[in-house]
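Trainee: Requesting a structural model of the entry that follows:
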Amino acid sequence: MFAKIFTALLVASAVVAAPIETEMEKRVNHNGQATYFEVGLGACGWWNQNSDYIVALNSEIFERNGGSNCGQGITLTNTDNGKTIKVSVADECPTCDGGSLDLSPSAFAALTDGNMDQGVFPISWHFNKKH
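Mentor: Here you go, the predicted model:
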């Protein structure tokens with residue numbers, strides 16, 4: 001009898017101890033639009049430059065995660081031309097819908113071969129796993 005109770009408790013504790021999978025660990029893919037902005041002091045609390053590869057995360061995801069994505073890496077793809085870069089979350093974008101992101105000018109230029117006149121393009125992205 002003791003062995004059965006011990007086994008049941010052991011299994012139950014393993015279930016309780018199992019970590020909750022975050023969006024970053026599940027590698028959720030997001031789709032939206034990319035725009036760009038002149039960077040400065042971001043919602044994450046540090047100063048950025050236009051030459052930094054950073055993004056402003058849409059408010060829905062930024063607020064859902066309580067701003068905990070600050071500094072988190074993202075793999076970002078221009079779905080029109082297939083170009084992919086790595087960027088970091090440094091700000092919040094209250095005007096971005098769903099999976100849309102606001103990019104620093106250098107990140108935007110890297111995905112459009114320097115064509116800033118494009119103004120907006122479709123993207124796909126996911127958080128990189130934390131190490």
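Trainee: Can you show me the strands along this protein?
Mentor: Per DSSP state E, the chain carries strands over the ranges 30-36, 54-58, 73-78, 84-93, 101-103, 121-127.
Trainee: mind checking which of those strands is nearest Trp46?
Mentor: strand 84-93 (7.0 Å; C-beta to C-beta). All C-beta spots, glycine's among them, are computed from the backbone N, C-alpha and C.
Trainee: by contact count, what packs against the closest one?
Mentor: strand 54-58, helix 59-64, strand 73-78, strand 101-103, helix 105-111 (3 or more C-beta pairs under 8 Å, 6 or more residues apart in numbering; DSSP states H and E).
Trainee: what angle sits between it and strand 121-127?
Mentor: 90 degrees (axes from the mean of the first three to the mean of the last three C-alpha atoms, to 10 degrees).
Trainee: hey, what's the residue lying closest to Arg27 once chain neighbours are set aside bridged with?
Mentor: Of all residues not flanking Arg27 in the chain, His126 sits nearest, at 5.2 Å (C-beta to C-beta, 6 or more residues apart in numbering). Counting by DSSP bridges, His126 is bridged to Thr75.
Trainee: wait, what's in contact with His126?
Mentor: Contact analysis of His126 by C-beta atoms under 8 Å, 6 or more residues apart in numbering lists Arg27, Val28, Asn29, His30, Ile74, Thr75.
Trainee: Can you lay out those as a markdown table showing pLDDT?
Mentor: Converted to a markdown table, the contacts of His126 look like this (pLDDT from 0 to 100):
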| residue | pLDDT |
| --- | --- |
| Arg27 | 76 |
| Val28 | 88 |
| Asn29 | 93 |
| His30 | 95 |
| Ile74 | 96 |
| Thr75 | 97 |
